[in-house]
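Novice: Sequence and predicted model, in that order:
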Amino acid sequence: MSFQPVIPFSGAAGWAFLQRTKDVQQTAFESGAVLQRDVQYFQETIGEITTAEQLVSDRRLLSVALGAYGLSDDINNTYFIRKVLEDGTLDSDALANKLSDKRYLEMAKDFGFGDYNIPRTQISDFGTKTTEAYKERQFEVAVGNQNQDMRLAMSLERDLGNIVGKSTSNAGKWYSVMGNPPLRQVFETALGLPPSFGTIDIDKQLEVFQEKSERYFGASTVDQFSEPDRLEELTRLFLARSQIAQGTAALSSNSIALTLLQYA
């Protein structure tokens with residue numbers, strides 16, 4: 001049996017424990033035989049792949065490729081993934097440019113099937129870089145099997161870092177946050193936004209994100225979270241609010257059950 005991460009507490013206490021033990025736990029997780037075989041297969045085989053069709057036809061390769069971007073749920077959507085990859089990113093009409101979830105855009109850009117005559121799978125360190133991302137995200141998945149909030153908190157630094165580093169406007173960075181489902185969930189929870197928030201006009205959503213970010217963190221910019229203290233503040237607010245919401249839901253369920261028992 002492969003190593004399963006240990007998360008003995010929820011909320012801030014669980015997060016502090018995970019931060020202290022992450023390196024040891026991740027090393028133990030990555031020593032699993034199945035993970036090592038998949039990583040080795042990808043590194044040894046990806047250099048032979050020159051088209052999106054070849055990639056999606058090899059389920060084992062595709063599993064690692066999708067996992068590296070947090071898109072493992074799309075493993076059976078081979079036609080869709082092939083279309084995303086073949087369209088590339090240079091054409092404004094490319095499918096990846098039209099999708100709200102920008103992880104597809106990142107994947108299409110990194111593989112380069114639709115952008116270059118020779119895809120980036122031919123670069124010598126492509127396999128290593130992709131499998132490093134895959135191992136990191138697989139550990140996060142394993143953590144999420146124990147506590148989903150911890151998985152989301154772990155992805156914050158990487159995903160926000162990718163956005164902060166972009167040479168685009170603050171509004172553009174907020175749209176990138178909104179286009180990344182895990183990031184969006186963290187911010188919506190931390191800022192106390194309702195489940196229906198995503199259904200309102202996208203420009204109004206931007207206004208609300210900026211307004212509430214300034215109220216809670218002192219600035220309306222995404223770049224503020226490049227500061228470790230501000231990122232930690234966001235993480236702790238997310239964990240606290242999520243824990244409160246779960247506790248409230250549990251109390252409501254218990255109240256309903258008690259009422260039913262009283263009437264039985």
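Specialist: Yep, it's here.
Novice: Excluding chain neighbours, what is closest to Ser155?
Specialist: Pro182 (5.2 Å; Cβ to Cβ, 6 or more residues apart in numbering). C-betas here are computed from N, CA, C, even on glycine.
Novice: Tell me the first helix or strand C-terminal of the helix or strand in which that neighbour is found.
Specialist: Element membership for Pro182, per DSSP states H and E: helix 181-190. Following helix 181-190 in sequence order, the next helix or strand is helix 202-217 (DSSP H and E).
Novice: middle-most residue in this structure, spatially?
Specialist: Pro182 (4.9 Å; Cα atoms, centre = their mean).
Novice: Contacts only, for that one.
Specialist: 70, 152, 155, 159 (Cβ atoms under 8 Å, 6 or more residues apart in numbering).
Novice: among those residues, which two are most distant?
Specialist: Gly70 and Leu152 (10.9 Å; Cβ to Cβ).
Novice: Low-confidence bits of this structure, can you list those?
Specialist: Residue ranges of the chain with pLDDT under 70: 1, 247-264.
Novice: the domain parsing of it - what is it?
Specialist: Here the domain parsing of the chain from automatic domain parsing is 11-137, 148-263.
Novice: Output these as CSV; include the columns distance to Pro5.
Specialist: CSV is the format used below for these (distance: least, Cβ to Cβ, whole Å):
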stretch, distance to Pro5
domain 11-137, 5
domain 148-263, 8
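Novice: Can you get me a residue count around Asp229?
Specialist: Other residues near Asp229 come to 9 when the count uses other Cβ atoms under 10 Å.
Novice: which SS state does it fall under?
Specialist: helix (DSSP: H, G, I helix; E, B strand; the rest coil).
Novice: Tell me which residues touch it, please.
Specialist: If you count contacts by Cβ under 8 Å, 6+ apart, Asp229 has none.
Novice: Please report how far it lies from Val177.
Specialist: Distance, Asp229 to Val177, by Cβ to Cβ, to the nearest Å: 19 Å.
Novice: could you pull out the helices for this structure?
Specialist: Secondary structure of the chain (DSSP state H): helices located at 11-30, 33-45, 52-57, 59-67, 78-87, 95-98, 103-111, 126-146, 148-164, 170-178, 181-190, 202-217, 228-263.
Novice: Surely Glu211 touches Phe217?
Specialist: No - using Cβ atoms under 8 Å, Glu211 makes no contact with Phe217, being 11.5 Å away.
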